[in-house]
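Peer 1: The following block contains a protein sequence and its predicted model.
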Amino acid sequence: MLLVTSSITVPVGFFFYMPDPALKQWDKEDKRLKKSGIAKKDRPIKPERDSAYPTKTEIALGLLNRV
């Protein structure tokens with residue numbers, strides 16, 4: 001997040017995004033299974049999101065709430 005004025009621009013906060021490894025692995029496997037023609041009912045269900053890995057939207061809203 002940046003604080004922008006007419007004379008200066010100052011960074012006031014930042015946070016690094018890191019994707020959830022379990023969701024990333026599931027997505028990769030799901031795409032592979034789709035490509036091989038496996039029906040949706042036969043593929044593994046999507047795992048729940050781990051709160052330790054917030055989404056980009058959640059990070060942005062958190063930064064806005066801090067200001």
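Peer 2: In hand now; what should we look at? Quantities reported herein were computed from a predicted structural model and do not represent experimental measurements.
Peer 1: What are the contacting residues of the least confident helix or strand in the chain by mean pLDDT?
Peer 2: When each helix and strand of the chain is scored by mean pLDDT, DSSP states H and E, strand 2-4 comes last, with a mean of 76. Here strand 2-4 makes contact (CB atoms under 8 Å, 6 or more residues apart in numbering) with 9, 10, 11, 12. Where C-beta positions appear, they are placed from N, C-alpha and C, glycine not excepted.
Peer 1: Excluding chain neighbours, what is closest to the third one?
Peer 2: Leaving aside its sequence neighbours, residue 11 sits nearest to residue 2 (CB to CB, 6 or more residues apart in numbering; 5.7 Å).
Peer 1: follow-up on the earlier one: list the buried ones in the least confident helix or strand of the chain?
Peer 2: By neighbour count on 16 or more other CB atoms under 10 Å, the buried set for strand 2-4 is empty.
Peer 1: Now do the helices in the protein.
Peer 2: 21-35, 56-66 (DSSP state H).
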